[in-house]
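Trainee: Provided below are the primary sequence and the corresponding predicted coordinates.
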Amino acid sequence: WEQLVTGNAGAAVGTAGPVVGIADPTHDAAGLSALIALDGMLTRAVNDPQLKVGITGFVKGMANNVAASMTALAGKAFPASEQAVFQYNSHKPAVPLTALYPSDASASLDYPLVLLNGADNAHAVAGNSLLSYLQTHAQDALRRQGFRSPDGAPSTVLAADPLLHGGQLTAATRADYGLAGQALALWATLTRQLRMLAVVDVSGSMAQTVPGTGQTRSQLTASACEKAMALFGSHAAMGLWTFTTTHDAAGTTVIDPVLPIAELGSPEPGAGSATHGQRMVAAYGALAEKAGSRNGLYDALLAAYQDVQKGWDPARVNTVVVFTDGKDDNLNSMSSDQLITRLRAAVDPARPVRVFVVALGTDVDLTLLNKITAVTGGAAVHFGDIGQMTAAILGSTDTR
């Protein structure tokens, strides 16, 4: 799982690596098992904001590739039970499935039989007879259908399929009680529609080229935001601000509210047939750095937080995502301590707004940025390529 999360951040945007899908974990046990494993990773990553954002971005990417059947999921990587893969391959499909067995987490599935209290004698006898049959004579029939024995012992039937590891005893664990509910709560959060304000630094240094990408910092930011928009879908609500400073000695922060927050698929007033999403794409493409200007990060961050909180939507995940390559120049702005104080005063647990900072370049102070964003329940992360940045935007919906 960790290899998929950390090594395939670009898969969601169509670069290298598999696209990961999932059967709806609210109805599919294998999907829920995978979600429990990922939720456990998220819990263990409590002190690693970058990994937390990567995990939530990965889960959000899976949520955008939900399907009801293996046929619909074919061509993607997706969680499934070993028995389901065996059944699928037994019908000799044109493209069979290959089973991969996670080494870091794999919960076993079982099929409990419950005899209810208060059953009359006839039903109690029938229930006990069925239980006895399933534990004895039915075992061979179940194994022929691709199930393992209750102890997980190797299976000759499974071993006959070269795309399975049926000849091996694959370690599996039992999920603790309560983990399913916790994992499904994460799923519910990440599948809620987003309400996000993107706040992009357009100071002069954003014109620098990011090594290995052939793009400037501004271009990389625009590309990642456009990719993330496509993954969130037309019902996600997004807006765009830019910020920089004046060229004079005072260095006053200049904030440009380029586009308000609106559903990406909604018609844009006064734009003919264009949607808000199309206007957003055009606005990202038109981003222009202000040569000689500097960074007014703290003013912009606080103003964005206040704006999103003012229009807070209880049906959505409300976030601010700031893209910057430097520190606040502290020319005509507040200090970091003053910003933290003002954010703490503004935070309303009944109207949560998380702030995330996606940092580029080497001039950022992640320790300080994480101290600031932690006040809102957010995080600051440093990424240098489009896949990782897109994963960060997807992960901004929740990092615990």
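Mentor: That came through, no problem. From a predicted model like this one, the values you see are computed outputs, not experimental measurements. Numbers count the residues shown, from 1 in each chain.
Trainee: give me the number of residues near residue 223?
Mentor: Neighbour count of residue 223, defined by other CB atoms under 10 Å: 18. Where you see a C-beta, it was placed from the backbone N, CA and C, and this is true even at glycine.
Trainee: secondary structure element holding it?
Mentor: Taking DSSP states H and E as the definition, residue 223 sits inside helix 217-232.
Trainee: with just CA atoms, put that helix into PDB.
Mentor: C-alpha atoms of helix 217-232 as PDB (Å, rounded to 0.1, in the frame of the first residue of the first chain):
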ATOM      1  CA  ARG A 217       6.900  27.200 -10.600                       C
ATOM      2  CA  SER A 218       3.800  29.000 -11.800                       C
ATOM      3  CA  GLN A 219       3.300  26.700 -14.800                       C
ATOM      4  CA  LEU A 220       3.700  23.600 -12.600                       C
ATOM      5  CA  THR A 221       1.100  25.000 -10.200                       C
ATOM      6  CA  ALA A 222      -1.300  25.800 -12.900                       C
ATOM      7  CA  SER A 223      -0.900  22.300 -14.500                       C
ATOM      8  CA  ALA A 224      -1.400  20.500 -11.200                       C
ATOM      9  CA  CYS A 225      -4.500  22.600 -10.400                       C
ATOM     10  CA  GLU A 226      -6.000  21.900 -13.800                       C
ATOM     11  CA  LYS A 227      -5.400  18.100 -13.400                       C
ATOM     12  CA  ALA A 228      -7.000  18.200  -9.900                       C
ATOM     13  CA  MET A 229     -10.000  20.000 -11.200                       C
ATOM     14  CA  ALA A 230     -10.700  17.200 -13.700                       C
ATOM     15  CA  LEU A 231     -10.400  14.600 -10.900                       C
ATOM     16  CA  PHE A 232     -12.800  16.400  -8.500                       C
END
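Trainee: tell me how far the next helix or strand after that helix lies from the chain's centre.
Mentor: The C-terminal neighbour of helix 217-232 among helices and strands, as given by DSSP H and E, is strand 237-245. Relative to the mean C-alpha coordinate of its chain, strand 237-245 is positioned 22 Å out (CA atoms, centre = their mean, to the nearest Å).
Trainee: do stretch 270-287 as well
Mentor: The mean C-alpha position of stretch 270-287 is separated from the chain mean by 25 Å, CA atoms, centre = their mean.
Trainee: residue 325 contacts residue 206, doesn't it?
Mentor: Yes: counting by CB atoms under 8 Å, residue 325 touches residue 206, with 5.7 Å between them.
Trainee: mutual contacts of the two, please.
Mentor: In terms of CB atoms under 8 Å, 6 or more residues apart in numbering, residue 325 and residue 206 are both contacted by the residues 217, 360.
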